[in-house]
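Asks: Next input, structure requested:
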Amino acid sequence: MQIAPQRAISRFYSVDVNLAPLFCCRKINSVAKQALRDTRETSVQPNQRRKVLVTGGAGYIGSHCCKALYDAGYQPICYDNLTTGHADFVKWGPLVVGDVAESAKLDDVFKSHAIVAVVHFAAFSSVDESVTNPHKYYRNNLAGTLSLLEAMRAAGCLNLVFSSTGAVYGSADSKPISESFPCAPINPYGASKYMIERILSDYRAAYGLNSFCLRYFNACGADLSGLIGERHEPETHLIPRALMAIQGKLKALEIYGSDYNTPDGTAIRDYIHVVDLAAAHVLALAKLLKGHGGGSLNLGTGTGFSVGQILNAIRATTGKQVPQISRARRAGDPSILIADPAQAKAVLNFVSRHSSLETIVGSAWAWHQATRQDNL
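Replies: Next comes the predicted model:
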């Protein structure tokens, strides 16, 4: 299926993506140089850094968060079992190889380090797999979080930033979703995250364990300095798979669903740059350390792009057509998910600064060109 270029399809969707090339190397290079300068200018001494345990810190979003934490003056302690994470992504602090289900190992980590807070990413996150193997998701995501919470309580660590998801809302309409929208997840992945949010609410009331649940939508892009990026084994996300198809590492990009109730028939999502997500986690952490009780917040841009629009943007950036094959819809995939980010702005003063399609696709393309990774 070839998707034709198109212009704006709704107030809440993207503007024109039938553009001249969206991104140039000079722009990404200038941003990268500034990012490197910012990193070098971090002058907090090691013994002055407050230590933050980052579960799943060797993964895609977790590693970007570790970098953001370090740049903000914290010392991230990466805790990851490396089943999907990458040891070479751990660059800003020590790596402890362990699983969140390993209570004794967690206890040792809290005893060995003066942990002031936890940022919790460790979870399985494939919607499709969660439908076919829900036990894996409830056992790892739900039971693993309970194990972590018990270790935190035993250590007296009562601040948690939790990586949640827009999938807690289930199917939604075309309007951006606020936090007051009813949570009705339609797949086990989203259900596992929503159950954890409910648990955290109860733990806040009963034990004084404060937490922010950050419900973000489609994470994408790569570190602007090029140090880390998106690497999954196997890769399942739209933008990296499209770039892999361009590079010849996939025969074609499979597009799941061209008959949704959307203007071009493909699913619409709110795409937010991983660097923006990482920044929001740092803001949430700072709020908790100042005594805020936390809550649930959306992280997004408030603008949705269809799969077709993303592919047009990739073509504009790379100058290449993405080879593609149309497939049936995947079970559990809603037609539209767009965040209303107003509450995150009000509570955290969070604004997405790097989530234009130019930066998202440009940084991802720069990462893929530099690494020439062979993961399928």
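Asks: what's the following helix or strand after the helix or strand hosting Gly144?
Replies: Element membership for Gly144 (DSSP states H and E) is helix 144-155. Sequence-wise, the next helix or strand downstream of helix 144-155 (DSSP H and E) is strand 159-165.
Asks: which helices and strands sit right next to the next helix or strand after that following strand?
Replies: For strand 159-165, the following helix or strand on the C-terminal side (DSSP H and E) is helix 188-207. Helix 188-207 is packed against helix 127-132, helix 134-137, helix 144-155, strand 159-165, strand 210-216, strand 294-299, with contacts defined by 3 or more C-beta pairs under 8 Å, 6 or more residues apart in numbering; DSSP states H and E. Heads up, the C-betas are built off the backbone N, CA and C, glycines and all.
Asks: Looking at those, spot the one closest to Gly308.
Replies: Proximity to Gly308, assessed across the helices and strands packed on helix 188-207 by C-beta to C-beta, is greatest for helix 127-132 (19.9 Å).
Asks: list the helices and strands the closest one packs on?
Replies: Using 3+ C-beta pairs under 8 Å, 6+ apart: helix 127-132 touches helix 134-137, helix 188-207.
Asks: ok, and which of those helices has the densest surroundings?
Replies: Of all the helices and strands packed on helix 127-132, helix 188-207 has the most neighbours on average by mean count of other C-beta atoms under 10 Å, namely a mean of 19.
Asks: Not counting sequence-adjacent ones, nearest residue to Pro176?
Replies: Nearest residue to Pro176 in three dimensions, chain neighbours excluded: Asp340, at 3.8 Å (C-beta to C-beta, 6 or more residues apart in numbering).
Asks: quick one: contacts for the one you found?
Replies: Lys175, Pro176, Ile177, Ser178, Glu179, Asn298, Gly300, Gly302 (C-beta atoms under 8 Å, 6 or more residues apart in numbering).
Asks: Distance-wise, check the second one relative to Phe217.
Replies: Pro176 sits at a distance of 10 Å from Phe217 (criterion: C-beta to C-beta, to the nearest Å).
Asks: who touches both of the two?
Replies: Joint contacts of Pro176 and Phe217 (C-beta under 8 Å, 6+ apart) are Asp270, Gly300, Ile338, Ala339.
Asks: now, the most widely separated pair of those?
Replies: Gly300 and Ile338 (6.8 Å).
Asks: shared neighbours of these two, anything?
Replies: Joint contacts of Gly300 and Ile338 (C-beta under 8 Å, 6+ apart) are Pro176, Phe217, Asp270.
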